[in-house]
Each structure stands twice: as C-alpha cells, then as structure tokens.
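In: sharing a model that was predicted from the sequence below.
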Amino acid sequence: MRKFVARKLVVAAALLAAPCFALAQYQRPPAKPADEPSAGTVAGTIADPTGALVPGAHVKLTAADQSTRETVSDSNGQFYFLDVPPGNFQLNVSALNFNTEVVAGTVGPGEHYVAPQIVLALATQTTSVTVTQTQEEIAQEQVKIEEHQRVLGVIPNFYVSYIPDAAPLTPKQKFRLAWKSSSDPITVVLIGALAGSEQANNQFKGYGQGAQGYAKRFGATYADVVDGTFLGSAVLPSLLHQDPRYFYKGTGSFRSRLLYAFSNAFICKGDNRKWQPNYSNILGNLAAGGIANAYYPASNRGAGLTFETAGIRIGETAVAGIFQEFIVRKLTPNLPSRNASQP
C-alpha cells in the first residue's frame, strides 16, 4: 500500500512539473549568433559657454554602419540614443544662435557611452550696413573741391565743375559759394586794383579824386561784384532751380567747344540736370545794374547804366566760359579727374 501511494505521488509530481518545464522552454529567447555584437547606447549633455544647459538642441548621430538618427535635447540639455551599432560614430549638434559642433566617439558592444559635455559656441552675428550718401552730401564734397580751385594757385576759380554729372547744389550751398567767392581776399585785391585803374583814368568823375574818390570807386565796384554774384549765382538760381556753375566740356571739336563755352552766358543746367535758358544770369545782371543806380554818380545813372552794367557782366560770362574751356584748366592745379562722378 505504501509503494502504491509513493508511486502516485511521483507521477503527480511529474505531471505538475511537465507544464512548467515546457513553459520555460517556450520563453527562452533564441541565442544570438556568436559573431553578432550587441548594440550600445550613446548619451550626453549640451551646454553653452557659460555652462547653462541648452534644451531643444538638434542632435544627429551617424553610426558606424552609416545609418543616421536624430533627436533633440530635453529640458535638462540631455540626449540619448538606444541600439547604436558598436563602432565609431559622429554627433552633429546644432541650435539657434549657436555654431554647429561635431563630436566623434566610439561605442563598444553593449556599452553605455556617455559623451563629454558638448559646449556650443555662440554664433558670430554679422550685420551688414550700407551707407548711402544723400545728394546734398555728395554735392557738399564736390563743392569743397571747387572751393580749392585757384588759377595759378591764387585766383579763385570756384564756379567751375570739372565733374560732368556733378550733383545739383542746394540753396544753402549756392549762397555759401557766392559768399566764398565775393569775400575771398584775392577778389578784394583785384577789385582794389580795378578801382585804382578807374581812378587813374578818372572814370565816374562824380566820385572825384583822392582817398575819398578811390573809396567810392572801390565801394561801387565791390557792390557790383556782390550784387551780381548773389543775385545771379544764389538768389535767382535758388528760386529758379538753376545751377550757377560752368560745366567744363573738354571734348569734341574746337568749334563745338567754342560754341558751348560762349552759350554758357545764355544757357545753363537746371537742378534737374537738363539744359535751359540761363534766366538767373541774365535777370541777375539786369537787377544788379538797376541797383547800381543807387550808388553811382548822378551823372551816370539811368537806364543806360542798368543795361550797360548788365551787358558787361553777361559779356564777361561768355568770355570767361571761353577761357575756362581752353585756358584756365591748364593753369589750375590739383583738379579732379574728368572720370570722377558721384557715387
């Protein structure tokens, strides 16, 4: 009886153990081939130059088998990749306002590789600034050149532009040039010489002789220059938008240049750079002639003085243009190149 019971217990134990054994056999994973290495993991932390962690950085991993995968750093600046094939790998790390960093490493089979902290350098900010001069600024630079033009290095030659497409002058620049020309010491000296010649020839007898007569002649001559210069080269050119300067031609036949120079007394450039009748020169000289009646001797006053003075000044402008075109340039040092133009 005892043997029978013992046998039943053995059979029962075998039956209970059989399912467990079968289950264990079913759950056991298949063995990997001996030549297939297990994958590893790669992790790291990203920071800026101050040590602050950089979240949201883009990380690209290129594995040894040239496969790639990407991720972004978390709120703690950390990133990680699972199942990385063992061998050499490369990390490309980039973030907004930072330079891209490239880090290389090697992960072994089944290794948990932690890269040294990756520090991203701040990107260099390049700002491009384009500075454009205004037309007034360009004209001012060109006027400064003209204010240094002197025949033989002495006689003022301010009202000539050797730059064909020179920028038009503003009213302020026209008045400045008029003042510069009429107040120049050489201008005053030349007026003094002309007044002396008039006294020597006893012109405008009503002024008399002696120091008083010379002073009156000097004052009248200087007033003519100032009136004509300001009216014909500043006031009217500003109102009529005309350019009071002579624009040197320098090219073409002798005849074409001669006609061009002579016509400058009657034709000028407008501030729009188009040629037009030189109302400023003609009307300015007529107005200056009319004003001369206020200070010339009574015996010389009248309409004749007005038209005579205006005619002389207009004729002087024509003759001056011819001299400018053919002679003066050769006698004026340090002139700008004819190829120079505004920016």
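Out: Noted; the coordinates are in hand.
In: which parts of this structure are helices?
Out: Along the chain, counting by DSSP state H, helices occupy 2-27, 135-146, 171-182, 185-200, 210-230, 236-240, 254-263, 279-292, 303-323, 329-331.
In: how about these in a markdown table, adding mean neighbour count, mean pLDDT and distance to residue 154?
Out: For every residue, glycine as well, the C-beta is placed using N, CA and C. What follows is those, written out as a markdown table (neighbours: other Cβ atoms under 10 Å; pLDDT from 0 to 100; distance: least, Cβ to Cβ, whole Å):
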| stretch | mean neighbour count | mean pLDDT | distance to residue 154 |
| --- | --- | --- | --- |
| helix 2-27 | 9 | 38 | 113 |
| helix 135-146 | 16 | 92 | 16 |
| helix 171-182 | 18 | 96 | 14 |
| helix 185-200 | 15 | 95 | 6 |
| helix 210-230 | 18 | 94 | 17 |
| helix 236-240 | 20 | 97 | 27 |
| helix 254-263 | 14 | 95 | 23 |
| helix 279-292 | 21 | 92 | 25 |
| helix 303-323 | 16 | 89 | 16 |
| helix 329-331 | 13 | 91 | 10 |
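In: could you dump the ones you listed to CSV with distance to residue 158?
Out: As requested, these are exported to CSV (distance: least, Cβ to Cβ, whole Å):
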stretch, distance to residue 158
helix 2-27, 106
helix 135-146, 5
helix 171-182, 5
helix 185-200, 10
helix 210-230, 10
helix 236-240, 14
helix 254-263, 18
helix 279-292, 16
helix 303-323, 12
helix 329-331, 14
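In: of these, which is nearest residue 115?
Out: In terms of Cβ to Cβ, the element of these nearest to residue 115 is helix 2-27, at 36.4 Å.
In: quick check, pLDDT for residue 32.
Out: With respect to pLDDT, residue 32 scores 50.
In: any low-confidence regions in the stretch 51-200 of the chain?
Out: 126-130 (pLDDT under 70).
In: hey, where'd the strands end up in it?
Out: Assigned by DSSP state E, counting those that start in this stretch, the stretch 51-200 of the chain shows strands spanning 58-62, 68-72, 78-84, 87-94, 101-107, 112-114, 118-119, 150-151, 155-156, 160-161.
In: what residues does the last one touch?
Out: Read it as strand 160-161. Residues from elsewhere that reach strand 160-161 (Cβ atoms under 8 Å, 6 or more residues apart in numbering): 142, 146, 149, 245, 246, 247, 248, 324, 328.
In: now do the fourth one: how many residues are near it, please.
Out: By other Cβ atoms under 10 Å, 23 other residues sit near residue 245.
In: please apply the same query to the fifth one.
Out: A count of nearby residues for residue 246, using other Cβ under 10 Å, gives 24.
In: quick check: it touching residue 324?
Out: Yes. Counting by Cβ atoms under 8 Å, residue 324 is a contact partner of residue 246 at 5.3 Å.
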